[in-house]
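Q: pasting the sequence and the predicted coordinates here, then a few questions.
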Amino acid sequence: MNLFDVYPLYPIEPVRGDGAYVYTEDGSRYLDFYGGHAVISIGHAHPHYVQLISEQVAKLGFYSNSVENPLQRELAEKLGRQSGLDDFSLFLVSSGAEANENALKLASFQTGRSRVIAFRGGFHGRTSAAVNATDNEAIKAPINRNYPVTFLDINDLDSLQRELEKGDVASVIIEGIQGIGGIHIPDVDYLEALPELCHANGALLILDEVQSGYGRSGKFFAFQHSKVRPDIVTMAKGMGNGFPIGGVLIAPEIPAKSGMLGTTFGGSHLACAAGIAVLDVLEREDLLTHATELGEYLKRELAALDLFREVRGHGLMIGLEMDEPIGALRKQLLFEHHVFTGSAKDPNTIRLLPPLNVTREQCDAAIGAFKKALVAS
């Protein structure tokens, strides 16, 4: 049997990881400034993470949500305290797409409406409702195209108000920072206007923090760079440091009803152990402060190279925009300088998403690789 060939693969096979590095069988070392789509939040093979997962799988890896699971409550308590959203409720799932799917469904249940407002450049997943709210027609099959979604430009408040005033919008879904779209940050004034505007017109506000959450931006959630309070927050990626886990945070004004949402694998014992380990490390190592400081250093040093049209982002979620497509540069960085980077829907933008405990020395190594690659080209 062959694998279904949908991924363009680099001919590199990592066999182990350590912090911000991955290694191949022959011992070659690669600096991971992509983290597998921003998933690796506390570094590869962090000792505390390995310990908690190993201990849990030796006891009980999985049972369904038909029984009590105290690890879910421990995860919810720690998440509420660290995020500052301790009055919200947590629904656990297995991925970012599943989180957004349930968030959109929940908003529709609550409002009795179906239309969604999403944004150009946004990405929310590949499942039915989530892919409809994603601004990429190439990944939508005919079966996906019957869901009522209106796409607007970020920061255009007048257009948003006109759409909301039509009275049929269930939810507005927006990323705290657009990731795949190219590291674009909504204006603070725009974000802060959204809750009142949504509520005045009977809609709910969903903040998609799947990529930008869990300390990635230097705040626990990227929307916390403003004073906005959403109705629903979605998360995944860095939440499990590689173990599949996602979540939906739900404001207390939205009531739960038995059976309205469900999942088979979400919130398993092993997933919760991974999630708890990540929160432990974020707090013990003060990684939000570290991400802020190292992110500012990276942006400053990369901008000083005077080789990019723009260097943007918060924390360790950084976009480097050039005047031309970056495909050849990414390959050069990978194969000649052994640095993993990410691409974006914008072909001229590189994404940098290193682990939150990346060191200054590792940042300097990445900066040096960029300088060598760009000067050589």
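A: Great, that's in hand. Nothing here was measured: the structure is a model prediction, and the numbers come from that model.
Q: next, count neighbours for residue 75.
A: Neighbours of residue 75 under the rule other C-beta atoms under 10 Å: 25. (C-beta placed from N, C-alpha, C; glycine too.)
Q: where do the strands of this structure begin and end?
A: 14-18, 21-24, 29-32, 89-93, 115-119, 149-152, 169-175, 204-208, 232-235, 246-250, 310-314, 317-321, 339-340, 349-352 (DSSP state E).
Q: so which of these comes closest to residue 264?
A: strand 89-93 (9.9 Å; C-beta to C-beta).
Q: buried stuff in stretch 165-175?
A: 169-175 (16 or more other C-beta atoms under 10 Å).
Q: setting aside sequence neighbours, what's the nearest residue to residue 278?
A: Distance criterion C-beta to C-beta, 6 or more residues apart in numbering; nearest residue to residue 278, sequence neighbours excluded, is residue 241 at 5.1 Å.
Q: centre of the chain to stretch 107-125, how far?
A: 17 Å (C-alpha atoms, centre = their mean, to the nearest Å).
Q: what residues sit buried inside it?
A: For stretch 107-125, the buried set under the neighbour-count rule, 16+ other C-beta under 10 Å, comprises 107-108, 110-111, 113-119, 121-125.
Q: then it to CSV, C-alphas only?
A: These are the backbone C-alpha positions of stretch 107-125, laid out as CSV (Å, rounded to 0.1, in the frame of the first residue of the first chain):
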residue,chain,number,x,y,z
ALA,A,107,-22.5,30.2,17.8
SER,A,108,-25.2,29.0,15.5
PHE,A,109,-26.9,27.1,18.3
GLN,A,110,-26.8,30.2,20.5
THR,A,111,-28.1,32.7,17.9
GLY,A,112,-30.3,30.5,15.8
ARG,A,113,-28.6,31.9,12.7
SER,A,114,-26.2,30.5,10.1
ARG,A,115,-24.2,33.2,8.3
VAL,A,116,-20.6,33.7,9.3
ILE,A,117,-18.3,36.7,8.7
ALA,A,118,-14.7,35.7,8.1
PHE,A,119,-11.7,37.6,6.7
ARG,A,120,-9.6,37.6,3.6
GLY,A,121,-6.3,35.9,4.3
GLY,A,122,-7.8,33.9,7.1
PHE,A,123,-7.3,30.1,7.7
HIS,A,124,-9.5,28.2,10.1
GLY,A,125,-9.1,24.5,9.1
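Q: give the rounded mean pLDDT of that stretch.
A: Taken as a whole, stretch 107-125 carries a mean pLDDT of 97.
Q: the helices in the stretch 1-150 of the chain, which residues?
A: Remark: helices assigned in the stretch 1-150 of the chain by DSSP state H, counting those that start in this stretch are 35-38, 47-59, 70-83, 96-111, 128-132.
Q: any idea how many residues pack against residue 285?
A: So residue 285, with other C-beta under 10 Å, has 16 neighbours.
Q: could you measure from it over to residue 48?
A: 9 Å (C-beta to C-beta, to the nearest Å).
Q: returning to what we had before: TSV for the buried residues of stretch 165-175, including distance to residue 218?
A: Formatted as TSV, these follow (distance: C-beta to C-beta, whole Å):
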residue	distance to residue 218
169	31
170	31
171	27
172	24
173	23
174	19
175	16
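Q: how many neighbours does residue 227 have?
A: Neighbours of residue 227 using other C-beta under 10 Å come to 10.
Q: pull the contacting residues for it.
A: residue 192 (C-beta atoms under 8 Å, 6 or more residues apart in numbering).
Q: circling back: the residue nearest to residue 278 touches residue 46, doesn't it?
A: Yes. Counting by C-beta atoms under 8 Å, residue 241 does reach residue 46; the two are 7.1 Å apart.
Q: out of those two, which sits in the busier spot?
A: residue 241 (27 against 23).
Q: buried residues in stretch 179-191, which are they?
A: 179-186, 190-191.
Q: so how far is it off the chain centroid?
A: Worked out by C-alpha atoms, centre = their mean, stretch 179-191 lies 13 Å from the chain centre.
Q: for residue 363, which non-adjacent residue is spatially closest?
A: residue 298 (5.3 Å).
Q: what's around the one you found, how many residues?
A: 25.
Q: my guess is it meets residue 367, correct?
A: Yes. If you go by C-beta under 8 Å, residue 298 and residue 367 touch, sitting 7.3 Å apart.
Q: got TSV for the helices of the stretch 1-150 of the chain, with distance to residue 325 too?
A: Shown next, in TSV, are these (distance: least, C-beta to C-beta, whole Å):
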stretch	distance to residue 325
helix 35-38	20
helix 47-59	36
helix 70-83	37
helix 96-111	27
helix 128-132	25
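Q: could you identify which of those helices is most buried?
A: For these, the largest average neighbour count (mean count of other C-beta atoms under 10 Å) is found in helix 96-111, namely a mean of 24.
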